[in-house]
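S.K.: A predicted structure for the sequence below; I have some questions about it.
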Amino acid sequence: MKSQRHYKILELIRNYPIETQEELANLLKEKGVNITQATISRDIKNLGLVKTLGKDGRYIYTLPENTAQYSFNSKLVKMLQNSVVSIDYAENIVVIKTISGTASAVALAIDGLNFKNIVGTIAGDDTIFSVVRSHEHVQEFIEEIKELL
């Protein structure tokens, strides 16, 4: 589902001068893809979309000229998808269980994806502690991780 949505977003930004997330959401809905603003925002981040000056002087979403960041993010997401076993939390610490031996790589992926409310991560062999800025942001972070999975 996510990869199909990403493909559709890339197709739309290639074919339409999209200025806002709202415009993108409306076009996706016209194409039969129901999406929330939060998901659009995450997809834009995951795809590495940037705003560039269009031919008519308006700023529109495009893929960066250097798509290395998108490739890097895709690899990080695959690491998460292939390794995470479970997610739980206590107060503002999210505990992520992974396949044995992959916790360090998954922690690196979490750090590399630059989640906005993560202060830092620490990893053992199969367990990661991610410190969230406040307990109010824990569920948001967990949902962001689950969305990637």
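M.R.: All right, it came through fine.
S.K.: the domain parsing of this structure - what is it?
M.R.: 2-62, 71-148 (automatic domain parsing).
S.K.: Can you say which of those domains is packed in most?
M.R.: Using mean count of other CB atoms under 10 Å, the stretch among these with the largest mean neighbour count is domain 71-148, at a mean of 16. In short, each C-beta sits where N, CA and C put it, glycine included.
S.K.: just to revisit the earlier point, will you turn the domains of the chain into a markdown table that also has mean pLDDT?
M.R.: As requested, the domains of the chain are exported to a markdown table (pLDDT from 0 to 100):
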| stretch | mean pLDDT |
| --- | --- |
| domain 2-62 | 89 |
| domain 71-148 | 88 |
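S.K.: List the contacts of Leu53.
M.R.: Taking CB atoms under 8 Å, 6 or more residues apart in numbering, we find Leu53 in contact with Tyr59.
S.K.: Excluding chain neighbours, give the residue nearest to the residue of the chain positioned farthest from its centre in space.
M.R.: In the chain, the residue that sits farthest from the middle, by CA atoms, centre = their mean, is Asp56; the gap is 30.0 Å. Sequence neighbours aside, Pro17 is the residue nearest to Asp56 in space, at 7.2 Å (criterion: CB to CB, 6 or more residues apart in numbering).
S.K.: before we move on, the earlier item: element containing the residue farthest from the centre of the chain?
M.R.: Mapping Asp56 onto the secondary structure by DSSP states H and E places it in no helix or strand at all.
S.K.: right, and it touches Glu19 too?
M.R.: No. Between Asp56 and Glu19 there is no contact, the gap being 10.4 Å when judged by CB atoms under 8 Å.
S.K.: in the protein, which spans are strands?
M.R.: According to DSSP state E, the chain carries its strands in the segments 50-53, 59-62, 84-90, 93-98, 118-123, 127-132.
S.K.: Which stretch among these approaches Ile9 most closely?
M.R.: When those are compared for distance to Ile9 using CB to CB, the nearest one is strand 59-62, at 8.6 Å.
S.K.: Direction included, what does that closest one pair up with?
M.R.: Strand 59-62 pairs in its sheet with strand 50-53 (antiparallel), by DSSP bridges.
S.K.: which residues does the residue nearest to Asp56 contact?
M.R.: Taking CB under 8 Å, 6+ apart, we find Pro17 in contact with 54, 56, 58, 60.
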